[in-house]
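Chemist: Sequence unavailable; structure follows:
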């Protein structure tokens, strides 16, 4: 895979490329055609830069950054390239720094329920080694096979367990990162209580590689549940779904693992395509809720689901419930929530949004947005689903991406993002800002917070070496 | 309480004091004797400054800071003045800003399990209003009656529930703070998922008022347990206590509320003074563990405690257990852990330490430190107790504070803090740095992290207006 004509196919200075060669070896610096052969992930724009470095140690990352600073080259860090908002896109004249070879499990401490891993370890690889100790990372995502721990830290990943275990920020006990000047910030504590000065690791978590490149992470693990039980509830309102969630949070046997809401538009799609149906379960409940419990044994968990149903149906007599009685049935219920590919097959590159809404406002938010979207275009009837226990809604328009003119796209954003921050929510829940959402951040952020973000970036990376054009522009 | 001779009793410029008067009114600016009449809290040095301002709104805080900046006066924020490391001490020429009048419960959102409060609300006041909705803040401390939410955020408070619900940093969903230039940073989200740019609220959490003054906080609440059950286990080793903790973490009915270890030296003191004893419970177990469960009903919780005992006693046949069967018995068990006043009555101002040790190293850490302390002074036999599920140990020397010469104190710190950070722990777990522990922070911190702390402080507060001489010096 060594590209003999490497230097002639990029616009980076030969002196710089020679230094990178010396740091990581020629075979770990891909250029030109060798880059074109790599998997670019979500978007081909990730490989706008025509050189990709594959360091295998923190020291090599530091040396690359120092060389980049000396030559005035900017560096775009990449993990699994699964990000949806263009946080890893690169351009000619930049160099991509891939964490793919920083893929060592440094150590698992089963007695501490802590793992220390390098940034390029995938979530799935961590899940695999943790499961040998009946532990799990407490965070899970559909892209687990590609998404890396470093990328998940850099984007402060969320997922379905956040209501219980928090987002990635809450899972990280310590980290190591290379700063924009190539120095190594080392804060690999493995304890939750640490009041030894400013907790600056939080600057790197969620900064999408603009303030430092995360190289190692100490992450908390949780005991795995021996058994699970899952129900689908057909409900008349968001309020009913929130009441089910409250009951799930206070079960006495076991604990709630997930509470995922599926509004009717999306439910019709997945149930229809998968030909899913169940006796006495109508196809037109306004809100469907997948509620999953975990614990030591299936039977008492199913009894808890039964108790939740009984209590709910007193208030909502027209509701319906299906409790999965096999793993196949459980998987079928989850497919109703998780098969989002169906949307994109029907509407290629459908515009998708990812908002956080305070729980008490979800009902009103949805009730406001749907007619306002229809007033932009009468065909708009968005697919709606989300992590209802933490207020994170995913909204996907029933339109191909190419169908949306810029003015229409702006009108849609204005409907979905309006007053969201002021009322305690967030226009970007778990996908980040990247390069795509900078304008929305500028338009909706608290101006004092945005100014402070810019000030911190300037103080730490005045030369804009790390991932320029992302997050704050 | 208006001090007629106010201006003559302080060394602050009259023009500045007149401005403060205009902002908050004469009666809310205490000076001289009126300050001497206030409760100074943990140390009289908190009122080294002879003027204390009591603003009642964020806008007033901002106006005070702007006035202070204009006159070159530095500002020392104070909450409940319960801090143990001198984070609120003040000096002549400074002005204290008390949050005592910022004491409004802004709103409780029971359906969201979120409270928004002003910074000066005490933990107890928040607990009180939350309990009306069967909710609690998920964090608790003995100083709950005085400690304020703003102070707990600024020191990133810990306590007994941190292994389960995290430290204060994990409880804060959003906050508002006044920056060192008097601008208002507003980030009062009430959602856990928020990826809208750098999460800069974490700069203020744990910064002890050196980067901003926290004025409002959105804090997550948790459902209250209807019943509790508590046991005391007498165990041969730390390993046995950790195994008990593991079993507690995986109970199927209810959940573990607390796992507090009491080493023999402290247990002998509290059990002796309170004349506590129980049949078949010897007075000389190396480690005693208070293990508490919470859930819907007492009986199944006590059955879970019984199961933990059975499983433990297979591996540790010489262990003993006492299960409380009344609230009075439960309170008596807690007193064995919590009555730390007994130490300070016997050894006034006894030097105390607060370290975090990774769980797998606690046994070795204690085994190393005890003989090393005795080699400094053969009388040293420290009181040891702590939150064993998160590795936070409290170590109090059996010596009066006045008995410890500086060289001896340095030798003690060197024993207790040596290699702690490098091995994944922290020399300051939950008490912070304040003014007392700056030298230890400088000596033990990662130099790159410490330099970045200084850089952030300079970028945000170059004039050193906010709480100078704390955290980084």
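Modeler: Cool, got the structure. On a predicted model such as this, the values are computed, not experimentally measured, just so you know.
Chemist: what are the ranges of the helices in the stretch 51-200 of chain A?
Modeler: Assigned by DSSP state H, counting those that start in this stretch, the stretch 51-200 of chain A shows helices spanning A:58-71, A:123-131, A:149-154, A:162-165, A:168-171.
Chemist: tell me how far the last one is from the chain's mean position?
Modeler: Here helix A:168-171 shows a centroid-to-chain-centroid distance of 12 Å under the convention C-alpha atoms, centre = their mean, to the nearest Å.
Chemist: swap in the third one?
Modeler: Mean-position distance between helix A:149-154 and its chain equals 9 Å (C-alpha atoms, centre = their mean).
Chemist: Which elements pack onto that helix?
Modeler: For helix A:149-154, the packing partners by 3 or more C-beta pairs under 8 Å, 6 or more residues apart in numbering or on different chains; DSSP states H and E come out as strand A:75-78, strand A:114-118, helix A:123-131, strand A:213-220. The C-beta positions use only the backbone N, C-alpha and C, and glycine is treated the same way.
Chemist: Take the ones you listed and write them to TSV, including distance to residue A:404, mean pLDDT and mean neighbour count.
Modeler: Shown next, in TSV, are the helices and strands packed on helix A:149-154 (distance: least, C-beta to C-beta, whole Å; pLDDT from 0 to 100; neighbours: other C-beta atoms under 10 Å in any protein chain shown):
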stretch	distance to residue A:404	mean pLDDT	mean neighbour count
strand A:75-78	27	98	26
strand A:114-118	39	98	24
helix A:123-131	32	98	18
strand A:213-220	34	98	26
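Chemist: Can you give me the domain assignment for chain A?
Modeler: The record's domain parsing of chain A by automatic domain parsing lists A:6-98, A:105-223, A:227-339, A:343-430.
Chemist: for the ones you listed, which one ends up most surrounded?
Modeler: Among the domains of chain A, domain A:105-223 has the highest mean neighbour count (mean count of other C-beta atoms under 10 Å in any protein chain shown), at a mean of 23.
Chemist: Excluding residues flanking it in the chain, which one is nearest the spatially most central residue of chain A?
Modeler: Closest to where the C-alpha atoms of chain A average out (C-alpha atoms, centre = their mean) is residue A:157, at 3.8 Å. Spatial nearest neighbour of residue A:157, chain neighbours left out: residue A:168 (4.6 Å); criterion: C-beta to C-beta, 6 or more residues apart in numbering or on different chains.
Chemist: do the same with residue A:460
Modeler: With C-beta to C-beta, 6+ apart as the criterion, residue A:460 has its nearest non-adjacent residue at 5.3 Å, and that residue is residue A:211.
Chemist: For the one you found, which three-state class applies?
Modeler: With DSSP: H, G, I helix; E, B strand; the rest coil as the basis, residue A:211 sits in coil.
Chemist: was I right about residue A:454 contacting residue A:462?
Modeler: No. Using C-beta atoms under 8 Å, residue A:454 is not in contact with residue A:462; the gap is 11.3 Å.
Chemist: Quick check on those two: which one has the bigger neighbour count.
Modeler: Per other C-beta atoms under 10 Å in any protein chain shown, whichever of residue A:454 and residue A:462 has more neighbours is residue A:454, with 13 against 10.
Chemist: rewinding a little: so what pLDDT did the residue nearest to residue A:460 get?
Modeler: pLDDT for residue A:211: 98.
Chemist: what sits against it?
Modeler: A:179, A:180, A:203, A:204, A:456, A:457, A:460, A:461, A:466, B:198 (C-beta atoms under 8 Å, 6 or more residues apart in numbering or on different chains).
Chemist: how close does residue A:247 sit to residue B:190?
Modeler: Between residue A:247 and residue B:190 the distance is 21 Å, computed by C-beta to C-beta, to the nearest Å.
Chemist: Residue A:429 too?
Modeler: 13 Å.
Chemist: swap in residue A:309?
Modeler: 29 Å.
Chemist: where exactly do the strands run in the stretch 351-473 of chain A?
Modeler: With DSSP state E, counting those that start in this stretch, the ranges of strands along the stretch 351-473 of chain A come out as A:352-356, A:383-387, A:392-396.
Chemist: need those strands in JSON lines with distance to residue B:133 and mean pLDDT, can you?
Modeler: Output for the strands of the stretch 351-473 of chain A, formatted as JSON lines (distance: least, C-beta to C-beta, whole Å; pLDDT from 0 to 100):
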{"stretch": "strand A:352-356", "distance to residue B:133": "22", "mean pLDDT": "96"}
{"stretch": "strand A:383-387", "distance to residue B:133": "23", "mean pLDDT": "97"}
{"stretch": "strand A:392-396", "distance to residue B:133": "23", "mean pLDDT": "97"}
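Chemist: Of those, give the one that comes closest to residue A:444.
Modeler: strand A:352-356 (10.9 Å; C-beta to C-beta).
Chemist: Please see if the closest one touches chain B.
Modeler: Yes. Interface with chain B: strand A:352-356 contributes residue A:356 (C-beta under 8 Å from any C-beta of the partner chain).
Chemist: so that strand versus strand A:383-387, what angle?
Modeler: 40 degrees (axes from the mean of the first three to the mean of the last three C-alpha atoms, to 10 degrees).
Chemist: So which elements touch strand A:352-356?
Modeler: If contacts are counted by 3+ C-beta pairs under 8 Å, 6+ apart, strand A:352-356 sits against strand A:392-396, helix A:406-417.
Chemist: repeat that with 6 Å
Modeler: strand A:392-396 (3 or more C-beta pairs under 6 Å, 6 or more residues apart in numbering or on different chains; DSSP states H and E).
Chemist: Okay, now the sheet partners of the strand it packs on, with direction.
Modeler: strand A:352-356 (antiparallel), strand A:383-387 (antiparallel) (DSSP bridges).
Chemist: interface residues of the stretch 51-200 of chain A facing chain B?
Modeler: The stretch 51-200 of chain A comes close to chain B at residues A:109, A:111-112, A:156, A:158, A:162, A:167, A:170, A:183, A:185-187, A:189-200, as judged by C-beta under 6 Å from any C-beta of the partner chain.
Chemist: Just to be sure, which of the residues you listed are found in strands?
Modeler: A:109, A:185, A:186, A:187 (DSSP state E).
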